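Trainee: Got a predicted structure here, sequence first:
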Amino acid sequence: MATFDDVVDRAKDLAGIAEKKAEKVVELSKLKIRVSQLNSDIKKAYEKLGSAVYHMKKADYKDEELISSVAEEIDDLIAEKAKAEAKIALLKNQTVCSTCGAKNPSDAVYCVKCGSRLNSEEE
């Protein structure tokens, strides 16, 4: 009867592993969707900035506060996107190069694209 118990235990272990992998896939999917939404929002903010600058130029009018607020909005969106991409890389066991943004294996010491030294977890 010990063999049956071993099979049941192994099946429980495999079910736990499958559940963790499914959770990881769901989290990755949510993050990828968020990055896509952020890309769209960034594009819209750039268009809003361009439109504002164009209309100000045509009207010979300057509103530095408006330009600064839209630029800040873009910066915030880009920072949020970078955080989401870093989470994706972590879930995929990758390290993102802070110099060029390339994705590298988590155990890499130097970037495969630009050769910059990658930050290790100890640093």
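Mentor: Perfect, thanks for sending it.
Trainee: Show me the contact partners of the helix-or-strand element of the chain with minimal mean pLDDT.
Mentor: Of all regular secondary-structure elements in the chain, judged by mean pLDDT, DSSP states H and E, the least confident is strand 94-96 with a mean of 88. For strand 94-96, the surrounding residues in contact (CB atoms under 8 Å, 6 or more residues apart in numbering) are 85, 86, 89, 102, 103, 104, 105, 106, 108, 118, 119. C-beta here means a position set from N, CA and C on the backbone, and glycine is covered the same way.
Trainee: same question, stretch 4-24
Mentor: Around stretch 4-24, the neighbours that count as contacts under CB under 8 Å, 6+ apart are residue 91.
Trainee: Look up which helix or strand the residue nearest the centre of the chain falls in, please.
Mentor: To find the centre residue of the chain, average its C-alpha atoms and take the closest one (CA atoms, centre = their mean): that gives residue 85, at 1.2 Å. Secondary-structure element containing residue 85, defined by DSSP states H and E: helix 64-91.
Trainee: how far is that helix from where the chain is centred?
Mentor: Averaging C-alpha positions (CA atoms, centre = their mean, to the nearest Å) puts helix 64-91 11 Å from its chain's average.
Trainee: which residues sit against the helix or strand following the least confident helix or strand of the chain?
Mentor: Remark: after strand 94-96, the chain's next helix or strand is strand 103-105, criterion DSSP H and E. With CB under 8 Å, 6+ apart as the contact definition, strand 103-105 has outside contacts at 89, 92, 93, 94, 95, 96, 97, 111, 112, 113, 118.
Trainee: if we go to 10 Å?
Mentor: Judged by CB atoms under 10 Å, 6 or more residues apart in numbering, the contacts made with strand 103-105 from elsewhere in the structure are 85, 88-89, 92-97, 110-113, 116, 118.
Trainee: picking that back up, list the helices and strands the helix holding residue 85 packs on?
Mentor: In this structure, helix 64-91 makes packing contacts with helix 2-58, strand 94-96, strand 103-105, judged by 3 or more CB pairs under 10 Å, 6 or more residues apart in numbering; DSSP states H and E.
Trainee: closest to residue 65 out of the ones you listed?
Mentor: Among those, the nearest to residue 65 by CB to CB is helix 2-58 (10.9 Å).
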